[in-house]
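Asker: Compute the structure for the input listed below.
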Amino acid sequence: MLSYDETFLDIKIAFLMITLIMTLLGNSMVLMAIYYDSRLRTAINFFVACLATSDIAVALLSVTIRLFTLFSEKLRLRKSLVTMTLCRFWIWIDIFCEAASIFTLTVISIERYFKICRPYVYCERMTKRLAIYVIVFVWIIAALLASLAMLPFGDKGIIIDRNQCYNYNKIFYTIAPVVAFFLPLLILIVMYAMIFRIAILHFKKSNRVLMRDPTSSHYSVYKDLKATKTLFIVVSTFIVCWGPFLYFSNIPIWIPIHDPLGKTLKYLKTVIVIILPYANSFFNPIIYACFDKSYQRAFRKILQKTFCHKYHGLGPKNVNKTEMKESDENERKFNLPLYEFKSVQRKRYNRRNLHRADL
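Answerer: Prediction:
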């Protein structure tokens, strides 16, 4: 009969294997949706692709190494298979992916702010090329932060204890949470607070203006607000999954925690340090599938193409050009800010009246 510790170890292994599969499938579908659906190839979705790529890196590298250590613990090998090189790489990739994710979410919140609150500046400056430059910058900063974790700064540094890797670095784990979590979190809160404030003002102003189509005046702001709400849920999920991890990983380095209930803290730390951070990697595709209609449409087409073979034209080459042009025109029209949309309507009205006067 298996002991409680062995059963708990089997549960961890089973969870990580499910996480590995679900993360790869879900985030691969996000990347496929952006690649195949031309309407999703926008600056904001480039950042979403960056987020999905970091989640795939977590699954392929970090989760795989964690499974390797758990299997070696389960087999109880005399000689440890976990080397110092593997430990260094594991800690580096964990910090790199976490930092890349939170920095990307911060950039997304700033992008949303300019899209809704400063639309003229957004239309002039926010291009796909700029989005790629920002993504490269984010990955470079995340790599530099992860590389600093390799330096001991006078402490023990990275050590191996019972097939597990630990990093005793008080200075780094004091600075890193501020740079890679609390400061971005403050920016996120400020950006989304300003976004929802401006969105409410837009709705109040639009209610005072009578247009021929009452729903058109609301559609652009409403659509941007829906996309912002989805990303806000993604941010909230990230905070819930990674916030406790930062406490249990960093605070005990300075303040020893004693557990009066025996093994309770051990199991609680396992849930918070292993389960929640890795679960965050497959939550994002679920959120997109539940709350974003554009991704729902793309996911449905991908699944139908894969299993039903009804859709053979996901790529731009096989799409009807007339339908694509009409769809892009409607998408462009509805993506205009409220006052730009009114300006377009006003110009069309003036052209019609001028044409009638000439007749």
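Asker: helix or strand for Met278, which one?
Answerer: Check again: residue 278 is Tyr, not Met. Assigned by DSSP states H and E, Tyr278 belongs to helix 276-291.
Asker: Downstream of that helix, the next helix or strand is which one?
Answerer: Downstream of helix 276-291 (by DSSP H and E), the next one is helix 293-307.
Asker: could you give the mean pLDDT of that next one?
Answerer: What helix 293-307 shows for mean pLDDT is 84.
Asker: what comes up buried for it?
Answerer: 294-295, 298-299, 301-302, 305 (16 or more other CB atoms under 10 Å). No exception for glycine: its C-beta is placed from N, CA and C like everyone else's.
Asker: on contacts alone, who are the packing partners of that helix?
Answerer: Where contact means 3 or more CB pairs under 8 Å, 6 or more residues apart in numbering; DSSP states H and E, helix 293-307 is packed against helix 4-36, helix 276-291.
Asker: just checking, which of those sits deepest inside the structure?
Answerer: Ranked by mean neighbour count, the helices and strands packed on helix 293-307 are led by helix 276-291 with a mean of 20 (mean count of other CB atoms under 10 Å).
Asker: for it, packing partners?
Answerer: Checked by 3+ CB pairs under 8 Å, 6+ apart, helix 276-291 has helix 4-36, helix 43-57, helix 216-254, helix 293-307 packed alongside it.
Asker: will you turn these into JSON lines that also has distance to Phe282?
Answerer: Listed next are those as JSON lines, based on distance: least, CB to CB, whole Å:
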{"stretch": "helix 4-36", "distance to Phe282": "4"}
{"stretch": "helix 43-57", "distance to Phe282": "7"}
{"stretch": "helix 216-254", "distance to Phe282": "11"}
{"stretch": "helix 293-307", "distance to Phe282": "14"}
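Asker: Low-confidence regions, the stretch 201-350 of the chain specifically.
Answerer: Residue ranges of the stretch 201-350 of the chain with pLDDT under 70: 203-227, 248-267, 309-350.
Asker: follow-up on the earlier one: can you tell me which of the helices and strands packed on helix 293-307 is nearest to Trp139?
Answerer: Nearest to Trp139, of all the helices and strands packed on helix 293-307, is helix 4-36, at 15.9 Å by CB to CB.
Asker: next one: the closest one to chain centre, how far?
Answerer: Mean-position distance between helix 4-36 and its chain equals 16 Å (CA atoms, centre = their mean, to the nearest Å).
Asker: related to what we said a few turns ago, out of the helices and strands packed on helix 276-291, which gets nearest to Pro152?
Answerer: Nearest to Pro152 among those is helix 216-254 (13.1 Å), distances taken as CB to CB.
Asker: what separates the residue nearest in space to the middle of the chain from Ala100, distance-wise?
Answerer: In the chain, the C-alpha nearest the mean C-alpha coordinate belongs to Leu51, at 4.2 Å (CA atoms, centre = their mean). From Leu51 across to Ala100, the span is 8 Å (CB to CB, to the nearest Å).
Asker: Name the SS class of Tyr166, please.
Answerer: Under DSSP: H, G, I helix; E, B strand; the rest coil, the three-state class of Tyr166 is strand.
Asker: which non-adjacent residue is nearest it?
Answerer: Excluding its sequence neighbours, the residue lying closest to Tyr166 (CB to CB, 6 or more residues apart in numbering) is Ile159, at 5.4 Å.
Asker: SS state for that neighbour?
Answerer: strand.
Asker: surely it meets Ile91?
Answerer: No: taking CB atoms under 8 Å as the definition, Ile159 is not a contact partner of Ile91, at 10.9 Å.
Asker: what residues do those two have in common as contacts?
Answerer: Common contacts of Ile159 and Ile91 (CB atoms under 8 Å, 6 or more residues apart in numbering): 165, 167.
Asker: More neighbours: which of those two?
Answerer: A count of neighbours by other CB atoms under 10 Å puts Ile91 above the other of Ile159 and Ile91, at 20 against 12.
Asker: going on from the helix or strand hosting that one, what's the next piece of helix or strand?
Answerer: For Ile91, the host element (DSSP H and E) is helix 84-117. Using DSSP H and E, the helix or strand that follows helix 84-117 in sequence is helix 119-125.
Asker: same for that following helix, what does it pack against?
Answerer: Helix 119-125 sits against helix 84-117, with contacts defined as 3+ CB pairs under 8 Å, 6+ apart.
Asker: tell me which residues in the helix it packs on are buried?
Answerer: Buried residues in helix 84-117 (16+ other CB under 10 Å): 87-109, 111-117.
Asker: so what's Thr42 up against?
Answerer: With contact set as CB under 8 Å, 6+ apart, Thr42 has these partners: Lys128.
Asker: Tell me the one among the buried residues of helix 293-307 nearest to Pro184.
Answerer: Set against Pro184, the nearest of the buried residues of helix 293-307 by CB to CB is Tyr295 (24.1 Å).
Asker: Find the nearest non-adjacent residue to that closest one, please.
Answerer: Once flanking residues are discounted, Tyr295 sits nearest to Tyr288: 4.2 Å by CB to CB, 6+ apart.
Asker: okay but that neighbour is in contact with Thr237, surely?
Answerer: No: with contact defined as CB under 8 Å, Tyr288 and Thr237 do not form a contacting pair (11.6 Å).
Asker: Now do the end-to-end distance for stretch 165-185.
Answerer: 28 Å (CA to CA, to the nearest Å).
Asker: Give me the contact list for it.
Answerer: Applying CB under 8 Å, 6+ apart, the external contacts of stretch 165-185 come out as 69, 82, 86-87, 90-91, 95, 98-99, 102-103, 105-106, 145, 148-149, 151-160, 239, 242-243, 246, 249-250, 253-254.
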